[in-house]
Every structure is written in C-alpha cells, then in structure tokens.
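S.K.: A structural model of the following input is requested.
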Amino acid sequence: MSETSTLIPCNGKITRAELAHVPTPHATATHVPIPHLSVVEGLVEALGRRHISVVGEEFAVSKDGMEMFAVIDLETSFDGCRFAIGIRNANNKRFRLSCTVGLRVFVCHNLAFQGDYSPVLAKHSKNFSLEDSLSVGVDRMQRNFEPMWRQVERWRVQQL
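M.R.: Numbers count the residues shown, from 1 in each chain. Below you'll find the model as predicted:
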C-alpha cells in the first residue's frame, strides 16, 4: 500500500500485465473506447519524456472490465512528501478519462476521486488524441509541482 495514495478496488487489485488482458469494446461513430493499458502506458511514457519515474502502481477494474481505477506514485518528491497520480477510465460512458495529481490522491470504484489538481479530463470522442491529452496533462502536472511544494512549506512554518 502506498503512503501517498489510496486505491479502493471494486474486485481486488490487478497487475499491469493483467490489465493487458482486459478487453476493450468496439468503437461507435461517437464513442471510441481506450484500452486501459494504453492509458497507463501512455501516461508512463509521457512522464518518462520529462524524466519523472514511477516508483509504485496499483490497478483495479470493475467486474465487467469496463472501468479502470489506478494510482501511480512518482519518484518526484521532497523532504518527506511524494507526488502521486490517480487515474480512472471508463469504456462504458459512465465517466470520462481523468487524472488527478497531488501529495495524496484517493481513487475509489464508487467514483470518489480526489487530488490537488486534475489536469486531464477527456471524453472518449472520435477526435480525441490520447497522446496529446496525456502530454498536455503531464505538462500541467509538472508546472503545479512547485506550487504544491510551496504550500507544504507554508504549512510547515505555521504553528498551531
């Protein structure tokens, strides 16, 4: 279990290798499902291009495999704090692809989804580019690391 993130699964946790075996439904004229593994690998690749490493990951899917929930802990840290990313993806149109980042993230199958900042919120439309969305999302995440760090520093100097 991660110290910076919480994943509450609906069916139990699975590995990234098991995520590869979750089927993706066929596309329609307006809805293009995204394989859950493609979301995870695309995000890890976008992070890697910015020299941000992953140090921990947890995944869960719904019983029918249509919804995926994940938390990814990042190597990026400072004095007792580590950043984490929460992810959810639904191929049944229940919710859109979402990523949230923070010092603590909370992801649950009941749709509780909490972090400090949500840089990726995208519908599975026919014109959606996963690579572009994740690249822009990771840029937004990285730009917000420093403001989150400054907030923690302000908390540390305050006395209760």
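S.K.: now the residue minimising distance to the centre of the chain, nearest residue through space, not along the chain?
M.R.: The chain has residue 87 as the residue nearest its centroid, 2.6 Å off, counting by Cα atoms, centre = their mean. Distances taken as Cβ to Cβ, 6 or more residues apart in numbering place residue 70 nearest to residue 87, at 4.3 Å, with adjacent residues excluded. Just so you know, the C-beta spots here come from the backbone N, C-alpha and C atoms, and that holds for glycine as well.
S.K.: Likewise for residue 73?
M.R.: residue 56 (3.8 Å).
S.K.: any low-confidence regions in this protein?
M.R.: Low-confidence segments of the chain, defined by pLDDT under 70: 1-11, 77-78, 124, 159-160.
S.K.: Which helix in it has the most residues?
M.R.: helix 130-157 (DSSP state H).
S.K.: Just confirm residue 65 contacts residue 22, I think it does.
M.R.: Yes: contact criterion Cβ atoms under 8 Å: residue 65 and residue 22 qualify, at 4.4 Å.
S.K.: what angle separates the strand ranked longest in the chain from helix 130-157?
M.R.: Longest strand of the chain, by residue count under DSSP state E: strand 67-78. Strand 67-78 and helix 130-157 are oriented at 50 degrees to each other (axes from the mean of the first three to the mean of the last three Cα atoms, to 10 degrees).
S.K.: For strand 67-78, buried residues please.
M.R.: By neighbour count with 16 or more other Cβ atoms under 10 Å, strand 67-78 contains the buried residues 67-74, 76.
S.K.: Now find how far off-centre that strand is within its chain.
M.R.: Per Cα atoms, centre = their mean, to the nearest Å, the displacement of strand 67-78 from the mean C-alpha position of its chain is 6 Å.
S.K.: packing partners for it?
M.R.: Judged by 3 or more Cβ pairs under 8 Å, 6 or more residues apart in numbering; DSSP states H and E, the packing partners of strand 67-78 are strand 5-8, helix 36-49, strand 54-61, strand 81-90, strand 105-108, helix 130-157.
S.K.: what helices or strands is the fifth one leaning on?
M.R.: Just to be clear, that refers to strand 105-108. Partner elements for strand 105-108 (3+ Cβ pairs under 8 Å, 6+ apart): strand 5-8, strand 67-78, strand 81-90, strand 113-114.
S.K.: Pairing partners for the second one, with directions?
M.R.: Which is strand 67-78. Using DSSP bridges, the strands paired with strand 67-78 are strand 54-61 (antiparallel), strand 81-90 (antiparallel).
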